[in-house]
Each structure stands twice: as C-alpha cells, then as structure tokens.
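*Asks:* model the structure of this input:
(2 chains)
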Amino acid sequence: MRLRMDGSRNFVALVMSLVALKFLLATVTPYGYDFVLYLSAVLADDKTISWSPWIILVRGIFYFWLWLPIHQNDILPLRAAMLASKPGFLMPTHYLLTMLVKTPLILADLATGFLVYKLGTNLSGSQKTGRRAALLWLANPFATFFVEMWGTIDIIIIMLSLVSIVYLLKNRTRLSALALLSAVAIRLSPILTWLSLTSWLVGGKSDWRKTLLIVLSGPLGLAAYLYWSSQAQFFSNFVSFMSSTGLFSNYTPVTLPFSEYTSSELYQLYLTPGFAVIAVVTYYLIAREVFRKDDWTLIAMTLSGILLVYGFADWFPTAFLWAMPLLAIFNSKEGEYRYSAGLYGILTIYLIIFYSLQLASSGVHVLFIPVNLVPFGRILTSGIAFANVLRQLSGLDFQTRSVLAGVSIAYSMSITWKILMKRRK
Amino acid sequence: MSLDLAYAVHQTLVGSVQGRTPYGIFIKTMIAFWTTIPVDHPSLLMNWTVDIFQPSLGLYLLVFLLKFPLLVLDVLTAVVIYRVALNAGVGEHKAKLAFFLWFLNPYVVLTNEMWGTVEILPTFLLVLAFGSLQTKRSRIWSALTYAGATAVKLFPFILLPVFLSVYRPRKKLSTLFVLACALGVSSYFAWIYLAGYNPWFQLKQYDLFTQSFDEYVLSATRGAGAVGLATIALIIMYVLIAERWPRDQAVTFDGALLIMLVFFGLSSWFPQSLIWLIPFLVLDAAIRNRSIRYLIILLSSALFFDIIAFHQYFTANGNAFFFVPASNHILKTAVAAYETFAKTNAVVLFGGPFARALFFATCMIYSLKIIEKRTRLISTFIELIKYNSGGDK
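*Replies:* This next block holds a predicted model:
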C-alpha cells in the first residue's frame, strides 16, 4: 500500500480539509476526558495542579472568554455541565470556550504535522515522502481522537520534542536543548527523547559543549517539573513531596503517571526493579555502542525506545500518541505499514476494552460528544459500555494488554534490526 | 485410577457436559459393549471415581477397552515419527532411535497410558501435519490434519503463523492453511457449544477438552494490569518467523518447535499438555542431529516438578501410586513415601523451582539455537556489533 500524492495542490486541499475537521471535532467535544479534568480544575479553583504551565494557560483563556462581550452569565450552566456532567446545560458559548482552550492543542498538532513533513522530506530527500509522512500524521484518526477530542496536552510536549530533534539535526543545539528542557518541564515524559538524544550524541564526534547542553536539558527540565508539581497544595513541603508516590500514581492531565511492570514484589527494604527502565536504559546503552550516528538512526532509536516502554509499562492511553509522529516518518520512508496496522488495530481493541467507561458515559457523552448531539446516543453509549461487561466476564483485558505489549516490543526489535542492517550496508 | 479417564467416565455417567462430547459418546458405546462381555459388571458410579477404584477383572477390562484407542494412537504416532525420520534421509538406525525415543518415553507412558489423556489425538494429527510437510508430501493432507488437530483441542491455532510465513509468497497455500485453521477453530467451538460448554467460563477451567494455562506475568508496580510473558514472547517469535524464516516447507517443523518451546517455557500447564512437544523434540534429535541431552533435561525436569506440583493427582489423594490403586502394603508404603517426599520443604521450596527454572532455561537456549540455525540472527547481530564497534570509533 502506498499513498499517492502527485501534486502539492491536492496535498494542501487535503490538509485544509483535515484542519477544518479537527477544529470541528475539537469544538463538539466539551467532554474530552482531559479537557474536563483541567477545565474543572480551573472552574473549581483546584490548587493541586494549579502551577502547571498548561493550567496557567487554560486559566488565562478562561478569563479571556469571560472578558468577551457575550453572555456573561454562562458560568453557572458551565459549572453544571462540567462539574455535574449535565450536557443539557451546555450553551453555544461553552462550545466557543471549548474551541478556544483547545486551539493551542490544534496548533501544536498542525505544527507537529509540519515538523513531520520537514523531517520526512529531509531524511528521505523526497518531498513526496515528506507529504506522505505529514498525511500519515494529520489524517491519523488516533492522533485526532487523542488531541482534538480527548484534549491531551501531550501534543505540546511531542511538538517540542520534535522541535528539539529538528534543531539538533540542524546543529542548532541551544534551541534544541531549550525545546527539550521545556518539554520535560511540562510533563516529564520527553525524558525518553532526552535519553535517546543523549545516547546518540555522547561518544560521537559532536562538540562536547553542544553535547553538554543537551545532556543538561533533561535534569534541568526534571527540576522544573518537580518544582511546579511540588507547589501543589496537597504537598505540605518539598520533603513530603519527594517521598510521595502520589505524583506518579495519581492521574492528572498535566502530570505523568508512571507504573512499570516488575517480576514480583520484593521486600520493602529494596526497590523493585522495573522492566521499562531496565529495557530502555539497556537499549540506549547498546545503541550508543553499535548504531551509526546519522539522522535517520536518531528517529528510529527514539521510536524504538518509546515502543519498548509501551511494552514494559502500564500507561494511560494518551501516551500512545508519543510514538505516532515518529511512526508516520518511519512508515513513510520505509513504505511498510503492516506492523503499524497491527499496533493500531490492537490499540483500538485495548481502548474499547480498558477505557469504555471513559469513551462513553451514560446520559452524558459518546466519544466526548454530548449525548444530545449524537443520533442514537444512548444506544451507542450502551454498546461501548458493554465492552466493560465483556472485559469483566471474559478476562480479555489481560490477553489484550499482553498482545499490545508483545506487538510493541516486536515492532521495536524489528526497527532496531533494520537500523543495524542499514549500518552493515 | 487414571485421572482424565476416571473423570471422563464419571462425568459421562452423571450426565454432565462431558457425556455429550464425541468422547463421551465413545465412552458410553464402550460401556454398552462391555456389558455384553461375560465378566463381572460392578456399578461404575459406586466403584470407579478419580479417587476410588474397587479392583475387579470386569473393571480392569473396561479400563483396557477405554484406553485401547490411546494405545493405538501412541503406536501410530511412533510409526509416523519413524516414517518421517526415515523419509528425511537420516537412515534406518536414527529412524529407529526416534521411534523408541517416543515409544518408550517414560513421560509419554505416564501421561498417555497412565494419566489417560486425550491429548494424544491432537498430538498425532499435528505430527502428521508437520511430518507430511517435512517429507514434502501432500499439503492438502497436511492442512486437513492440522484442521483436525485444531478441531480436537484448539491450541494448534497458535502454530498458524508458521505455515503462513513459509508460504507467504504463495497466496493459495497460505489461504489453504488459513482456511484449515478457521475450519478447525470453528469446528472446535461448534462441538464444544453443542455439547453444552459455556465458552466464556468452562473453556478456562480444567477439563479434558479445555485449555487450562497460566502465563508467567509481569505486574504493574501500581494500579491494575499485568502482561503475560508467553504472549509477548510468542508475538516476538511470530514477527521473527514472518521476517526471517526460510521459505522452505521442510523447516515449518522447526518453526513449530520454536513456538512450542517458547510457549511451554513461559507458561504453566497440566503435565499431559507437554506431550504435544515431545514428537517435535524427538524428531529434532533424529533429523537435525540435536543433542539428545536437551530432550532428557527437558523431560526429566518437567517430570520432577510435575510430580511435586501434582502429587495429589498422581496419588489420587493418597489412594494410588501413579494411578495404580494402592491395594497392597507395598503400594501403600510407596504412596506414603511419595507424599512425604513431595511435601518436604526442601523439595517444595528448592527442588521444584530449580527444576522449573532449568526447564525454562533449557527451552530458551534450545529456542536460541533454532533461531540461530534458521536465521543466523544471533551471529549476524554479534558480527554487526563487532563491525560497528570498529567502524565509527
């Protein structure tokens, strides 16, 4: 299967249509899972995550919306709609607010598309491949679902990570380090990209000062992340914050929950080693030794590391967005879609089985669209909710999660093998 | 007091799901035939359950009649193994060795003749399916026997990717095996459903025709969720086979052996399930010149942890010694000694886990050897590391 893009005019028309669709979907999904959480935090004046850079931005947009010369008394219905899950109280201005809050996400999505295009073009030397990569990202229903509908802020850190990679490949290391630092500071997960970039640079022929900048961006970003999250009200001081596991176990849309797989619980005296950290660190240590230090390798090894983490840790589904732009670049260059199709296929089943309660809520929404806007909304809600019943009855969750882990790890190994074989040639 | 046989007879007589399966119908037929033979006919419900057996000539005759097909299948499997080895050109001597490695195998005797498992039927069909490819005989025959094996016990569906990888460039042959697998799976579910099994619950409970497996798992440090190591490893092996396996039907057999080694190494199973693997191990030793020590280590370690973990089954809760009714003093002493041994702390805490670890490690080393032989993956990887280490630095 190869996507045919013969002219830039068709490409631009297609991209414009996709942008319009993304705006539409973003607007009609005020019940996006993460969107509800951070808007509720603003509405309820919740202090626990109030120092997050994203919450500060959302608060700003919210006050801007209040400032607009439109219905000023819409705040009470909004509280009822969001905090009490009553879609009947949603008014047209609330959809405007939804669109305003999600606009930075859509812009980050489009910027990611542009970066994917640039990387695809530069790495392959063909504009056609770049366009194919951009389309694989922009038309990816999972990307649209997580970004525009779910409302995850992961797209911002993904965009910043790609900016970092692009600048690094252009030898503009300061900007690269700054972008990476910002990404890590916002939601920590780009620490994976940092590991990849560091292992790619260290021991290579790069100037040590430039390498040092990238190396430092990770710890500095981590310090910034820990600083703002330690300001949360539920931590009485920094010491109690550092000893708390709540930061990594409680889900919020702006922090990074982290739970990796272990063999079994050890005595509490020792820390239980987790397979995700073991696998990724080992992978990058080996990669540092054996991979060629070229542009394409950087993309492939970053992607492989992320896929390994999917296999060895339990994530909230928005984390699967991290690999998608890199998959788009990789697939467009290699022209092979089998494993991606397998990964997305099992991801679909995973979402329906594990997250049916998030995807549809009885009397509230279907795929985050208010139920009163969806024809046969209640029937669809029941249909999706049935997956949860099926899960409990059949124990399908364990097998589904295992297959997803297996596909991720196998895919990662397949990519690694391709890098090695290219090195040989 | 063969566990599976006694269980099947009892369940058939009390009119449970078992009795409505083809095997249950066979049992009823044989019992009807037995009642026409002029021997004593004690009440089966009163005199024969999984932990009661009142010895009598009539009952022993019935046991023989019911086990006769298992014996025949055992012999037939040995014959097929012999023929496959002979056709592979390894010579008469090695073909005979393969025959006896199966036929006199203590593990096979324990699980087939003594435990009374029906696993011998799908095993025989699987050996036919892969054996006929090994000897380059009819692929349709191979597909049909593969479908038959899947229809009896479902598990052979995990081997489908092996056929697909070998026949990938030839769409008609790939389709043939996909159809065979689909036919087998649908037939299995059809007869299971018609017999009255509940597909969601009973298929995961222990029964003669169900799949009772547990994978070793990795658990998440926090929150719910776990992943199974066998599933992960199988998917990795499928990708490996799809990408790197030679497109030669003579090596489908090696692919099947690899898949089964990974599966058995990373999951826990009832002892009789291992019988699926044994013909492949035997043929590998005979045809591929694999050292016989792998077969010995795998089966002896499995036997060791089986007799510890399943001692209540092997003694029928203290009433039998490896399913032989403890009807005299010597056998009763043997049962007591066996139970004491199986419950000893050193054996339970050290011996069993050590044997299981040895089994796992042997499976993994064996798998790596097969992978290396068929793909040269490991040596290429090492070569690339050497090359790369000397390249850029």
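*Asks:* tell me where chain B has strands.
*Replies:* Here chain B has its strands, by DSSP state E, at B:48-49, B:52-53, B:214-215, B:217-220, B:226-228, B:267-268, B:320-321, B:324-325.
*Asks:* can I get those strands in a markdown table with mean pLDDT?
*Replies:* Shown next, in a markdown table, are the strands of chain B (pLDDT from 0 to 100):
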| stretch | mean pLDDT |
| --- | --- |
| strand B:48-49 | 82 |
| strand B:52-53 | 82 |
| strand B:214-215 | 82 |
| strand B:217-220 | 81 |
| strand B:226-228 | 87 |
| strand B:267-268 | 90 |
| strand B:320-321 | 90 |
| strand B:324-325 | 88 |
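*Asks:* which of these is buried the deepest?
*Replies:* strand B:320-321 (a mean of 24; mean count of other CB atoms under 10 Å in any protein chain shown). C-beta coordinates here come from the backbone N, C-alpha and C atoms, glycine included.
*Asks:* contacts for that one?
*Replies:* B:1, B:51, B:53, B:314-315, B:326, B:331, B:334-335, B:338 (CB atoms under 8 Å, 6 or more residues apart in numbering or on different chains).
*Asks:* out of those, give me the two with the largest separation.
*Replies:* B:53 and B:338 (17.5 Å; CB to CB).
*Asks:* for residue A:168, which non-adjacent residue is spatially closest?
*Replies:* Once flanking residues are discounted, residue A:168 sits nearest to residue A:176: 4.1 Å by CB to CB, 6 or more residues apart in numbering or on different chains.
*Asks:* how about that neighbour, secondary structure?
*Replies:* helix (DSSP: H, G, I helix; E, B strand; the rest coil).
*Asks:* for chain A, longest strand please?
*Replies:* Longest strand in chain A, counting residues (DSSP E): strand A:259-262.
*Asks:* strands paired with that one, and their directions?
*Replies:* strand A:313-314 (antiparallel), strand B:217-220 (antiparallel) (DSSP bridges).
*Asks:* including distance to residue A:147, could those go into CSV?
*Replies:* Formatted as CSV, these follow (distance: least, CB to CB, whole Å):
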stretch, distance to residue A:147
strand A:313-314, 22
strand B:217-220, 26
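*Asks:* could I get the full set of helices for the stretch 101-250 of chain B?
*Replies:* Secondary structure of the stretch 101-250 of chain B (DSSP state H, counting those that start in this stretch): helices located at B:106-108, B:120-134, B:139-153, B:160-166, B:171-195, B:229-244.
*Asks:* and the shortest one, what does it pack against?
*Replies:* Read that as helix B:106-108. helix B:292-309 (3 or more CB pairs under 8 Å, 6 or more residues apart in numbering or on different chains; DSSP states H and E).
*Asks:* now the element after the longest strand of chain A, going C-ward?
*Replies:* The helix or strand immediately downstream of strand A:259-262 is helix A:275-290, counting by DSSP states H and E.
*Asks:* ok, back up a step: any idea how many residues pack against the residue nearest to residue A:168?
*Replies:* 23 (other CB atoms under 10 Å in any protein chain shown).
*Asks:* what do you get for residue B:382?
*Replies:* 10.
*Asks:* what's the average pLDDT for stretch B:68-86?
*Replies:* Per-residue pLDDT values over stretch B:68-86 give a mean of 94.
*Asks:* is it true that the residue nearest to residue A:168 touches residue A:162?
*Replies:* No. With contact defined as CB atoms under 8 Å, residue A:176 does not reach residue A:162; the gap is 10.7 Å.
*Asks:* OK, contacts around whichever residue of the stretch 1-150 of chain B sits closest to chain A?
*Replies:* With CB to the nearest CB, the shortest gap between the stretch 1-150 of chain B and chain A falls at residue B:150, namely 18.5 Å. By CB under 8 Å, 6+ apart, the contact list for residue B:150 reads B:122, B:156-157, B:180-181, B:183-185, B:187-188.
*Asks:* also residue B:295?
*Replies:* B:101, B:281-282, B:285.
*Asks:* the closest residue to chain A within chain B: what's its closest spatial neighbour, skipping adjacent residues?
*Replies:* For chain B, the residue closest to chain A is residue B:235, as judged by CB to the nearest CB, at 3.0 Å. Once flanking residues are discounted, residue B:235 sits nearest to residue A:406: 3.0 Å by CB to CB, 6+ apart.
*Asks:* in the chain, where is pLDDT below threshold?
*Replies:* In the absence of a named chain, chain A is used. Across chain A, residues meeting the criterion (pLDDT under 70) sit at A:1-7, A:72-73, A:203-204, A:233-246, A:264-272, A:393-395, A:423-425.
*Asks:* nope, chain B please
*Replies:* For chain B, counting by pLDDT under 70, the residues that fall below are B:136-137, B:199-203, B:221-224, B:388-393.
*Asks:* what does the stretch 201-350 of chain A put close to chain B?
*Replies:* With CB under 8 Å from any CB of the partner chain as the criterion, the stretch 201-350 of chain A comes near chain B at residues A:204, A:245, A:248-249, A:257, A:259-264, A:272, A:274-275, A:289-293, A:311-314, A:339.
*Asks:* got a quick PyMOL command for the buried subset of these?
*Replies:* PyMOL command restricting these to the buried ones, with burial defined by 16 or more other CB atoms under 10 Å in any protein chain shown:
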select buried, chain A and resi 257+259+260+261+262+274+275+290+291+311+312+313+314+339
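*Asks:* quick one, what contacts the nearest residue in space to residue A:373 that is not next to it in sequence?
*Replies:* Distances taken as CB to CB, 6+ apart place residue A:28 nearest to residue A:373, at 6.4 Å, with adjacent residues excluded. Taking CB under 8 Å, 6+ apart, we find residue A:28 in contact with A:95, A:369-370, A:373.
*Asks:* and for the host helix or strand of residue A:347, what are the contacting residues?
*Replies:* Residue A:347 belongs to helix A:338-354 when elements are defined using DSSP H and E. Helix A:338-354 is contacted by residues A:142, A:317, A:320, A:327, A:331, A:359, A:384, A:387-388, A:390-391, A:396-397, A:400-401, A:403-404, A:407-408, A:410-411, A:414, B:239 when judged by CB under 8 Å, 6+ apart.
*Asks:* now the angle between helix B:229-244 and it, please.
*Replies:* 160 degrees (axes from the mean of the first three to the mean of the last three CA atoms, to 10 degrees).
*Asks:* show me what whatever helix or strand comes next after helix A:338-354 is in contact with.
*Replies:* Using DSSP H and E, the helix or strand that follows helix A:338-354 towards the C-terminus is helix A:356-359. Here helix A:356-359 makes contact (CB under 8 Å, 6+ apart) with A:33, A:351-352, A:366-368, A:384-388, A:391.
*Asks:* turn those into CSV, including distance to residue B:209, secondary structure and neighbour count.
*Replies:* Shown next, in CSV, are the contacts of helix A:356-359 (distance: CB to CB, whole Å; DSSP: H, G, I helix; E, B strand; the rest coil; neighbours: other CB atoms under 10 Å in any protein chain shown):
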residue, distance to residue B:209, secondary structure, neighbour count
A:33, 43, helix, 23
A:351, 34, helix, 19
A:352, 30, helix, 18
A:366, 41, strand, 23
A:367, 41, coil, 20
A:368, 44, coil, 26
A:384, 34, helix, 19
A:385, 33, helix, 16
A:386, 29, helix, 12
A:387, 28, helix, 20
A:388, 30, helix, 18
A:391, 25, helix, 17
